[in-house]
Structure formats: C-alpha cells, structure tokens
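**Student:** Provided below are the primary sequence and the corresponding predicted coordinates.
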Amino acid sequence: MSVFKLKSMLAAAAVVSTFASAAVAGDFNVAIVLPGVITDKSFNQAGYEGVERISKELGAEFAYSEKTAQPDQPEALADYARRGYSLVIGHGGEFQESVDRVAAKFPDTKFLIVNGTTAGGNVSTMSFNFAEVGYAVGFVAGKTSQTGKGGYVGAQQIPFYVQLGEGFANGFKAARPDGEVYTAWTNDWDDVAKGKEAALNLISQGADVIFPSMDNAVVGSLQGVQEQGKMGIGIYYDAIADWPDTVIQSAIFDMRAGLGDVIRLAAEGKLEGKSYVFGFETPDAARLGSYSAKVSAETQGETQAVIDKLVSGEITAN
C-alpha cells in the first residue's frame, strides 16, 4: 500500500490530506473533514482513527483534512466531492448546514455527518444516544461525589451536547436526589486554557466531579481537576489510562466502531439517507470505560442495573 501527502489549496485552512491507495471493489473511497487536530485524544482523533481503521480493512483509499475552520468547511467538503470521493464525512454537528448545501450540488456523492441532526437524500447522519450514556456516568458521579455537586463543561450548545449534559445532570440527581449539577459553556472546542478555567470555576462552586465534553479543551479541564485533587469523567475513550488518579469513569462514544459500521454500509452500497444511532444496546460503539478504585463495588453494580434499565426502557435519561 502506498502512502503520500497532498497539501490542500484552501488558503485559510492549512489543510493536509493523506491518502492510502489500494485496489477495492467498486473503487470505494472515503474522506473526512475534521474541525480539530487528529492528536487531541478526543473527538477528532477518534474520528480519524475510525476512518483509517475501516479503510485499511476494506482496502479503500482515504483522505482527511484537519483543523478546518467553520467558514472553510463547505469548500473542503466540495473539494473531496469534486475529486470523486464516494463518501465525504463532516465530523461534527456544526457541519450540518455546510453538508446540506454541498450535498445538493453533488447528488451522486454520499455525505455523512457525525452528530448530525437531519438526514435525507444523499445525506446520512451518525450519532450516539448521548443522553443515556451521560445519565450513566452522571449516576456514577452522583454516587461518588463527596460534596453532592457535579459540573459539566461543554463547548457549543448544539443538541447532542446539550442532551449529554442534561443526561449527566439527571443521572447525578437520580443517584443523589439532593444533589446539584452546574454547567459551563466555553464556546471553544480546543482552547485548553478555557477548558481549565471553566472546570476551576465549577470547582470553586463546590463541584467535585467534573465532566468535560469538548475536543482538545478536555485536557485543560482535566488538568484543572487534577490540580485541585477532584474527580473527572473522561469522554470518547477510556481516559483513566492517561488520568489514573483523576478520572473515575469514561463515557465512551467509540467513533472507530460506529464509523466503521456506517462506512462499511457505504462500501457495500447499503448506506441510506437516514440517521444511524448507537447506544448501550451496541456496546462496541457506546459503553462505559474502566472504573477507578474510588468508585465502590456497590456503585458499580448499581450502575450496571441502571444501564440495563435504560436499554430495556424501564427508565429514561430525559
């Protein structure tokens, strides 16, 4: 397999695309446009690795553009469509408007929006049951909190991250009926300093379990949590591996598995213009991570019972 790099001509985006070429039935290929960097150990890295892994499995050509600012997203998407990519992915709910506009101009190209809200025609969306996973980690946080106060840090108030925060708050209060959850929005996905500042502000109000849900800025939040000796909730991957003394559990939205399933459908010509949603019933894509020793065995058992009830519909996260 040959690998080479191509610099994009987008003036403001400083976008770099990487290609892996191989013979594939039907000449299927895929490109993903990401808002952040592929080394953020969060949303963008998970998306990149998801496309990379399934592309290698399929023997498909793949490309990516990272750190693409919102004003540059339509041209980045259109560029891949013009070059004949079979599937073009906008990685984030903020791509919805751009994808809708570009997809109308390229009806023969399939588009996928990760965490998108509206599907139809040649546009599909892939997302997770954010509220339910948020509820489960919120339950863990509520049971483990010493102050009875938790904190949620988000970037933009787009639907899925609002749902994630609401699920977290509902789960926390289910575990701790007299508890409180404070929320902060930074309006920035990647600014580490803003992520840290937001976490410290919530801690100053008494929150001792913080759940940050941004991209690279998550690192800043967890740094603040670590410095203050408080507890954190990881996101997208099993973050206890990097924060063993800080993270007590993680909300794993496995982009690698979810994207793999949807991209495989596209390669087989079976991708439909609809929403594909992954929840606890598909644990390869949506699940909790490893427990910290700070979380009691009793709480771990109770949390699994909560997850079972969420899957069965006995309880809801809303």
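**Tutor:** Happy to help now that I have it.

**Student:** ok, how many other residues are close to the residue nearest to residue 120 when sequence neighbours are not counted?
**Tutor:** Leaving aside its sequence neighbours, residue 120 sits nearest to residue 273 (Cβ to Cβ, 6 or more residues apart in numbering; 4.8 Å). All C-beta atoms are positioned from the backbone trio N, CA, C, and that covers glycine. With neighbours defined by other Cβ atoms under 10 Å, the count for residue 273 comes to 14.

**Student:** quick one: the residue sitting nearest the centre point of the chain and residue 165, what's the gap?
**Tutor:** With distances taken as Cα atoms, centre = their mean, residue 43 lies nearest the centre of the chain, 4.4 Å away. As judged by Cβ to Cβ, to the nearest Å, residue 43 and residue 165 stand 15 Å apart.

**Student:** pretty sure residue 300 sits against residue 290.
**Tutor:** No: judged on Cβ atoms under 8 Å, residue 300 makes no contact with residue 290 at a distance of 10.5 Å.

**Student:** spit out the contact partners of residue 205.
**Tutor:** Residues near residue 205 by Cβ atoms under 8 Å, 6 or more residues apart in numbering: 149, 151, 182.

**Student:** the residue nearest to residue 185 when sequence neighbours are not counted: how many residues sit nearby?
**Tutor:** Once flanking residues are discounted, residue 185 sits nearest to residue 154: 5.3 Å by Cβ to Cβ, 6+ apart. Neighbours of residue 154 under the rule other Cβ under 10 Å: 22.

**Student:** give the contact list for residue 154.
**Tutor:** 161, 162, 164, 165, 183, 184, 185, 186, 213, 214.

**Student:** would you mind giving those residues as CSV with neighbour count added?
**Tutor:** Converted to CSV, the contacts of residue 154 look like this (neighbours: other Cβ atoms under 10 Å):
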residue, neighbour count
161, 20
162, 16
164, 28
165, 25
183, 18
184, 22
185, 16
186, 23
213, 26
214, 29
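
**Student:** in helices, which of these fall?
**Tutor:** Within these, residues falling in helices by DSSP state H are 161, 162, 164, 165.

**Student:** where along the stretch 1-150 of the chain do the strands fall?
**Tutor:** 2-7, 16-21, 29-33, 61-65, 87-91, 110-114, 123-128, 149-154 (DSSP state E, counting those that start in this stretch).

**Student:** same list (these) but as TSV, adding mean pLDDT and distance to residue 98.
**Tutor:** Formatted as TSV, the strands of the stretch 1-150 of the chain follow (pLDDT from 0 to 100; distance: least, Cβ to Cβ, whole Å):
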stretch	mean pLDDT	distance to residue 98
strand 2-7	32	21
strand 16-21	37	17
strand 29-33	98	9
strand 61-65	97	13
strand 87-91	98	6
strand 110-114	98	9
strand 123-128	97	11
strand 149-154	98	21
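
**Student:** any chance of those strands in CSV with distance to residue 249 as columns?
**Tutor:** Shown next, in CSV, are the strands of the stretch 1-150 of the chain (distance: least, Cβ to Cβ, whole Å):
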stretch, distance to residue 249
strand 2-7, 37
strand 16-21, 34
strand 29-33, 28
strand 61-65, 30
strand 87-91, 25
strand 110-114, 23
strand 123-128, 16
strand 149-154, 12
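
**Student:** what's the closest of these to residue 247?
**Tutor:** The closest of the strands of the stretch 1-150 of the chain to residue 247 is strand 149-154. By Cβ to Cβ, the value is 14.1 Å.

**Student:** now find how far off-centre the closest one is within its chain.
**Tutor:** Counting by Cα atoms, centre = their mean, to the nearest Å, strand 149-154 is centred 17 Å from the centre of its parent chain.

**Student:** what do you get for stretch 276-284?
**Tutor:** Distance, centroid of stretch 276-284 to centroid of chain: 13 Å (Cα atoms, centre = their mean).

**Student:** okay, now residue 81: neighbour count?
**Tutor:** 20.

**Student:** I'd say residue 141 and residue 209 touch.
**Tutor:** Yes: contact criterion Cβ under 8 Å: residue 141 and residue 209 qualify, at 4.0 Å.
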